[in-house]
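Visitor: Starting from these lines, generate the structure:
(one chain, ligands or ions: 3)
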Amino acid sequence: MKVLKFGGTSVGSVESIKLVIEILEKSISKGERTAVVFSAMGGATNRLIEIGRMAAAGNQEYFELLKVVEERHFATIRGLINVKQQSGTFANIKGLFNELEDILRGVSLIRELTDRTMDLIMSFGERLSTNIITEALKNIGVKAEFCDARQLVRTNDHFGMADVDFATTNQLILEHFAKSSALQCITGFIGATAEGITTTLGRGGSDYTASIFGAALDAQVIEIWTDVDGMMTADPRKVPNAFTIPAISYAEAMELSHFGAKVIYPPSLQPAFAKNIPLKVLNTFNIGFEGTLVDRSANHKQYAITGISSIDDMALVNIQGSGMIGVAGISARLFTTLSENNISVVLISQASSEHSICFTIDHQLAERAQQVLEAAFEVEIKSGDIDSIAIEKNVSIIAIVGEGMRKSSGVAGKLFSVLGKNGINIIATAQGSSELNISVVISKNDLSKALNAIHGVFFLSETRSLNLFIVGVGLIGGTLLEQVGSQSAFLSGQRLLKLNIAGLSNTKKMLLEPGGIAPDRWREELADNGVKTSIPAFVDRIIELNLPNSVFVDCTSDKDIVRHYGKLLDASISVVTPNKVANSGRYDEYQRLQRTALQRGVKFLYETNVGAGLPIINTIQGLMDSGDKFIRIEAILSGTLSYIFNTFGPGVRFADVVREAKAKGYTEPDPRDDLSGTDVARKILILAREVGVPMEPEEVKIAQLLPDNCLQAPTVEAFFAELENSNSFFEGLLDGAKAKDGVLRYIATLENNKATVELRAVDEKHPFYNLSGSDNIVSFTTDRYKDRPLVVKGPGAGAEVTASGVFADIMSISSYLG
Ligand SMILES: NC(=O)c1ccc[n+]([C@@H]2O[C@H](COP(=O)([O-])OP(=O)(O)OC[C@H]3O[C@@H](n4cnc5c(N)ncnc54)[C@H](O)[C@@H]3O)[C@@H](O)[C@H]2O)c1
Ligand SMILES: N[C@@H](CCO)C(=O)O
Ligand code: NA
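Guide: Ligands and ions are numbered 1, 2, ... in the order given. Prediction:
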């Protein structure tokens, strides 16, 4: 025996009922004995309730509404049954509507609608739908029989939510099924008392009916046909990556029943659970899909958890006071008071200090809870034994659920860690000793971010996303986007990582697109959909969006943007940048950013501030973290100047070499920053700070390389003109070096907490003699690298190497986030 149940959407229209019939025919053709339970046509029950209330209120318009409902059912008959065979069904259904009309007329006359009458009115929903579908089945030759559950499901008279008398009901069902071999088409949701008074079974009613019949008949399986692909790992409206759970245990299904998308209501399946009857949740609109199997097995663990559920609108109540410590009976009184006032408690947490108890309830009950508790503990509050009762609204609960977490360590750690790394504060937490569920209370504002972040770390076979917000799409930003685009297939295939370009800005336009901007179409998308750039608005919106795993990437050389880093880090958004401005300003600002990142558990990464993609900052941090002491750093830190002195020579004009460096993408957006020594000075300043010297910018001693006329040039064009005028000056420098058999090198040195930058002529014995192109070289002399220094050397400027350094920083955030 197999029991199928079709919900309201499945029987909501002619088209969907045709699918239902297809499913039933398939099942019957396999020779399996089948019974089927139907809900009312989608929306019909609510309509009937509304009509009943209108009638009771004396509002005669109920009649029009009733006619609408009637016409919907008639149209369904016309759509499903042959014209020749329609008349019998019409008569039957019209008869039901006449009966309903009489009842409503009575309600409208006496202006009274009891729960008992309401149950009777509602019963028409299932009676109508089931009648019509039974006739439609018969019409195509299926041996089907209408089965009014009121004849079989015996209940008490708790109208609206009647209790089933299982002994009688089971016996009646068995007797009925022994008599007939036809396909029983059973009305869901309804029953009757011993006196034959109609009752309803409350929430999840039709599932309950299926479960009652399945259990009574010892069905092999109960199939719940609905309009979604089974139970999902999380509410798909909130977590786009959610997927169907193939198999789940009864206990897990119970724990997950708080789902936003209420696929099944487990309490109503209790009779089936009690008899270990497996349940399948299937989709009428996606017939071939496997759906979800719910059974008693606890061994469905492919992942550490099975699913994530959440409740959006909760209130947290906290009752605390020194007078609670060691006093027995406080919690008994607390929960008795709540129960007497019909306030259901969803989560409870009490720390072992006994100083406070907190619990969450439906947010609509918050005020009432406060009132009744203040009354119940009036004496204690007056005496100060209990502080006032505090309510926090706008909180949500997230629960991770799974048999797999039982006796396995690291699950709670992973949960708390991913929340921490995304800057989500945990207000309260609870885990029962069944180890089936860990719940956290968080701000409602963080709900979507938290759900997505948690889903990402626990369902690892699914691709995780890093959300990038990139400001500045010039040389480096543009190259980065190209690299991200061409690497995306590898990252999603090999690393299960999606780099989602959630926002972009240049000086003119900005675009925020949480769904992602295609890296190969960013120009068009920014031009077509972007709005006028406002960096403060861009930053505020990023914070407001509150996406998980967010990274802000500053690829400008702008001085104003860096002012927003602190705010971003504070909002738990990591920052990656090649822009040196933030780290080369005042020391306390540099330190503040470092601290904020640390406190918030996010990353502030700027490897490309020095030597572009060369591992210079990371090398220093590694040595510092492992306790090495820096004695001296000597370095060539300008790709531009390196290129210039490697290229400038007899027969070449200095200004042309500078132009070439700019064209090759080595220079700063303003090349005067390179040639004035400013760029090198800020790099050695950053290195000084990394090795622990709290240096200020003015402490770096810069020996100027340029003559005054060049230094004072007001614009870039004027600057190039002055370089042209000074060609003999640069030739003189070259000759001077040649005279000493040397080459020109612009060298930065840090020693004894002092930083200097100067042009020097070095001969072939010097390790900096042999360089080419835009090479940088950094020589670290430390306690551990004393006799022979640790040297990092290679191209230290240029679009590809810089963008790839930024990319590497982004990737290290991705590994950090797990
Ligand atoms: N070129 C290199 O080799 C290299 C190496 C290491 C670090 N860097 C650093 O990388 C950064 C970018 O350099 P680049 O060569 O790509 O410069 P670029 O001039 O080509 O690009 C910077 C872009 O940022 C935009 N921008 C400036 N202010 C902005 C604002 N307020 N809002 C939005 N967009 C803004 C500009 O319009 C420009 O398109 C600089 O900080 C530079 O110091 C460059
Ligand atoms: N303009 C810089 C870029 C790398 O920071 C240089 O030439 O070194
Ligand atoms: Na670097």
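Visitor: tell me the domain ranges of this structure?
Guide: 2-227, 307-458, 464-612+806-817, 617-795 (automatic domain parsing).
Visitor: And these: which comes nearest Asn241?
Guide: If you check each of the domains of the chain against Asn241 by C-beta to C-beta, domain 307-458 wins as the nearest, at 5.9 Å. For glycine as for every other residue, the C-beta is placed from the backbone atoms N, C-alpha and C.
Visitor: In the stretch 151-300 of the chain, which residue sits nearest ligand 3?
Guide: The minimum distance from the stretch 151-300 of the chain to ligand 3, using C-beta to the ion, falls at Asn241 (34.1 Å).
Visitor: try the stretch 251-400 of the chain
Guide: Proximity of the stretch 251-400 of the chain to ligand 3 (C-beta to the ion) peaks at Ala304, 37.4 Å away.
Visitor: how far away is that residue from Pro650?
Guide: Distance of Ala304 to Pro650, computed by C-beta to C-beta, to the nearest Å: 69 Å.
Visitor: the more surrounded of those two?
Guide: Ala304 (18 against 8; other C-beta atoms under 10 Å).
Visitor: Verify the stated contact: the more buried one with Glu403.
Guide: No: the pair Ala304 / Glu403 is not scored as a contact, 10.2 Å apart, by C-beta atoms under 8 Å.
Visitor: Distance of the residue nearest in space to the middle of the chain relative to Ile277?
Guide: Central residue of the chain (C-alpha atoms, centre = their mean): Asn452, 1.9 Å from the mean position. The spacing between Asn452 and Ile277, counted by C-beta to C-beta, is 35 Å.
Visitor: and what of Glu524?
Guide: Glu524 is 56 Å from Ile277, where distance means C-beta to C-beta.
Visitor: what do you get for Arg33?
Guide: 14 Å.
Visitor: Pick out whichever of those two has more residues nearby.
Guide: Taking other C-beta under 10 Å, Arg33 and Ile277 do not tie; Ile277 has more neighbours (23 against 16).
Visitor: Check whether that one sits in a helix, strand or coil.
Guide: Using DSSP: H, G, I helix; E, B strand; the rest coil, the structure places Ile277 in coil.
Visitor: who's in contact with it?
Guide: Ile277 is in contact with Gly214, Ala215, Asp218, Ala219, Gln220, Val221, Ile222, counting by C-beta atoms under 8 Å, 6 or more residues apart in numbering.
Visitor: Now restrict these to buried residues only.
Guide: Among these, those classed as buried by 16 or more other C-beta atoms under 10 Å are Gly214, Ala215, Ala219, Val221, Ile222.
Visitor: With distance to ligand 2 added, can I get those residues in TSV?
Guide: What follows is the buried ones among the contacts of Ile277, written out as TSV (distance: C-beta to the nearest ligand atom, whole Å):
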residue	distance to ligand 2
Gly214	71
Ala215	73
Ala219	72
Val221	67
Ile222	67
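Visitor: Grab the two from these that are most spread out in space.
Guide: With distances taken as C-beta to C-beta, the most widely separated pair in the buried ones among the contacts of Ile277 is Ala215 and Val221, at 12.2 Å.
Visitor: remind me, longest strand of the chain?
Guide: What stands out as the longest strand in the chain, according to DSSP state E, is strand 307-320.
Visitor: Tell me the buried residues in that strand?
Guide: Using 16+ other C-beta under 10 Å as the test for burial, strand 307-320 gives Gly307, Ile308, Ser309, Ser310, Ile311, Met314, Ala315, Leu316, Val317, Asn318, Ile319, Gln320.
Visitor: between those residues, which is nearest Phe768?
Guide: Nearest to Phe768 among the buried residues of strand 307-320 is Ile308, at 56.7 Å by C-beta to C-beta.
Visitor: what sits against the closest one?
Guide: Listed by C-beta under 8 Å, 6+ apart, the contact partners of Ile308 are Thr233, Ala234, Val239, Ile398, Ala399, Ile400, Val401, Leu451, Ile454, His455, Phe458.
Visitor: and it, what are its bridge partners?
Guide: Beta-bridge pairing for Ile308 (DSSP bridges): Ile400.
Visitor: What of Phe6?
Guide: Per DSSP bridges, the residues bridged to Phe6 are Phe38, Trp225.
Visitor: burial measure for Asn286, as a count.
Guide: For Asn286, the neighbour count with other C-beta under 10 Å is 14.
Visitor: Could you tell me which residues of this structure lie near ligand 2?
Guide: Residues of the chain lying near ligand 2 by C-beta under 6 Å from any ligand atom: Ala612, Ser638, Gly639, Thr640, Tyr666, Thr667, Glu668, Asp674, Asp679, Gly796, Ala797.
Visitor: got CSV for the residues you listed, with secondary structure, distance to Gln151 and pLDDT too?
Guide: As requested, those are arranged in CSV below (DSSP: H, G, I helix; E, B strand; the rest coil; distance: C-beta to C-beta, whole Å; pLDDT from 0 to 100):
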residue, secondary structure, distance to Gln151, pLDDT
Ala612, coil, 82, 97
Ser638, coil, 92, 98
Gly639, helix, 88, 98
Thr640, helix, 91, 98
Tyr666, coil, 88, 97
Thr667, coil, 89, 97
Glu668, coil, 87, 95
Asp674, helix, 92, 97
Asp679, helix, 89, 97
Gly796, coil, 87, 97
Ala797, coil, 86, 97
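Visitor: Next, the buried residues of the lengthiest helix in the chain.
Guide: Counting by DSSP state H, the longest helix found in the chain is helix 83-110. The neighbour-count check on helix 83-110 (16+ other C-beta under 10 Å) flags Gln86, Thr89, Asn92, Ile93, Phe97, Leu100, Glu101, Ile103, Leu104, Val107, Ser108 as buried.
Visitor: same check, this time on stretch 721-732
Guide: Residues Glu722, Leu723, Ser726, Phe730, Glu731 are the ones in stretch 721-732 that count as buried (16+ other C-beta under 10 Å).
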